[in-house]
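[1] here's my sequence, what's the structure:
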Amino acid sequence: MILQDIVERQAIAKGWSCDEKFCVTVKDGTKYLLRITPPDKSGQRELLFGMLKKVERLGIPTCRLVEHGVCDSGVYALYTWIDGHDADEVIPQLTPIQQYSTGLKAGEILKRIHLIPAPKQTEDWHLRFNRKTDIKIFKYKQCGIRFEGDGKVLEYLQCSRDVFKNRPQTFQHGDYHIGNMMISDVGLIIIDFDRFDFGDPWEEFNRIVWCAQSAPVFAAGMVDGYFDLKPPEEFWKCLAFYIGSNTLSSVYWAIDFGRDELDVMLRQAQDVLSWYDGFNAIIPSWYADAQKIRRVIL
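    I've put the predicted structure just below:
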């Protein structure tokens, strides 16, 4: 067991995961990422480890799972260590052309992740997500916090319940955005699959709001990379629904984390409304604004 050979560990405080995370060094000097999941949160970890093996076989650039098992603090997993920099710090500093090119790569990688099918017994997506949407709307209305223009979001959701009907389902990273990527000497690296799920692959873009806020040209490149430069109209309708739904749920989610985090989500809600012209448009403005960069590159 590699775990027994650890001689040094340094805590990593970044991220929202319930896991404890460490950069650890073993006797021979090799570094690993150690994640320890508390016992009460570890029910899905065996399934995650199995899915990560499938991700590895697809050649997805990510941390490779080296060892996992049970320890005193819960379920542990050791991953290869990546010497790199957080993408959300690097990408906004790149030129627009570099941002778009990196976004293309992120979209291409995501498309490969979605080659992994969902289990055959997975519930119909239309039924499942409509139920989730009802819950999100209820919790938003009950939470006591409202944002200006929320009626536009609610109206779009109520009138567009069939946009994702008959959608296929695949494995999902679960939190695919610029904050879960790194830049290393070998290029873009995808990290943190611990929120994995199964569902409509297009729903995976619901976190693209974080990309669009910090590097909108990168976000546009990600869409183009996924769709070989030709995103269909059906995608935009679905994406508007998924982002609108997430905008509501992000408000009541943030309440437990304090006023600062709540303000972040309320500002994001206004950005979303601006991008979609109060949900009168289905293609967000950050994608349309990237046309000039697209013409230069292509």
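
[2] using PDB, write out every CA atom in the helix-or-strand element of the chain with minimal mean pLDDT.
    Every helix and strand of the chain was ranked by mean pLDDT, DSSP states H and E. The lowest is helix 291-297, at a mean of 77. Extracted C-alpha coordinates of helix 291-297, given in PDB (Å, rounded to 0.1, in the frame of the first residue of the first chain):
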ATOM      1  CA  GLN A 291     -17.600  35.800 -33.700                       C
ATOM      2  CA  LYS A 292     -14.600  38.100 -34.400                       C
ATOM      3  CA  ILE A 293     -12.200  35.700 -32.700                       C
ATOM      4  CA  ARG A 294     -13.700  32.800 -34.500                       C
ATOM      5  CA  ARG A 295     -13.200  34.400 -37.900                       C
ATOM      6  CA  VAL A 296      -9.500  35.200 -37.100                       C
ATOM      7  CA  ILE A 297      -8.700  31.600 -36.100                       C
END
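
[3] neighbouring contacts of that helix?
    Residues from elsewhere that reach helix 291-297, judged by CB atoms under 8 Å, 6 or more residues apart in numbering: 96-97, 100-101, 217, 220, 224, 229. Any C-beta I mention is one placed from the backbone N, CA and C, and that applies to glycine too.

[4] the helices in the stretch 1-150 of the chain, which residues?
    Here the stretch 1-150 of the chain has its helices, by DSSP state H, counting those that start in this stretch, at 45-57, 87-90, 96-113, 125-142, 150-159.

[5] so which of these comes closest to residue 178?
    Nearest of the helices of the stretch 1-150 of the chain to residue 178, taken as CB to CB: helix 87-90 at 4.7 Å.

[6] figure out how far the closest one is from the centre of its chain.
    Centroid displacement of helix 87-90 relative to its chain, using CA atoms, centre = their mean, to the nearest Å, is 15 Å.
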